[in-house]
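**Student:** please work out how this folds:
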Amino acid sequence: MKLKTILLFLIFLSGLFGLTKCVTESYNLSGDWERYGDQSRGSILQFLKKDSLFEGIIKVANGEMAASGFVTNAIKFSELHQISANTYHGFEHVTLQKQGEVIDKRVVKIELKQYANDFLEITCIDSCKNQTNSAYGIKQKWKKIK
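**Tutor:** Predicted structure coming up:
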């Protein structure tokens, strides 16, 4: 009886580890993502893997993103590295313009979380936390379109 219990426990553990591996491998950041739910909705990014890192290239800039001076083929996110199954850390390139003039330009550290392989949430994790300007530190939402 004891041997049977141990054997069943080992089978359970091997199944659990196999399931964990499948869940971990199901996330795929590569592809096209569309922003939604804010003033930059409709903007499109393409995440590409370069060596072991990802970068996000702007394909379409709409609303606030376009007003801030972002253009097609510009790098929006860089040096994104995976720290867990659905979490990446890296940098966002931020530009603020007022009446067509650049008033601030910086690179801020961000955290990107991927949910159900189809949704992203991107938040600032250091230098923009205390900014009074609401354009910094805004939580971005993206959905995978391709």
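**Student:** residue ranges with poor pLDDT in the protein?
**Tutor:** Along the chain, the model assigns pLDDT under 70 to residues 1, 4, 6-10, 12-26, 95-105, 117, 125-137.
**Student:** which parts of it are helices?
**Tutor:** Taking DSSP state H as the test, the helices found in the chain are 2-25, 63-67.
**Student:** list the buried residues of stretch 67-77.
**Tutor:** For stretch 67-77, burial by neighbour count (16 or more other CB atoms under 10 Å) applies to 67-68, 70, 76-77. Any C-beta I mention is one placed from the backbone N, CA and C, and that applies to glycine too.
**Student:** same deal with stretch 78-86?
**Tutor:** For stretch 78-86, the neighbour count (16+ other CB under 10 Å) marks 78, 80, 82, 86 as buried.
**Student:** wait, which of those is closest to R106?
**Tutor:** Among the buried residues of stretch 78-86, S78 lies closest to R106 (CB to CB), at 13.0 Å.
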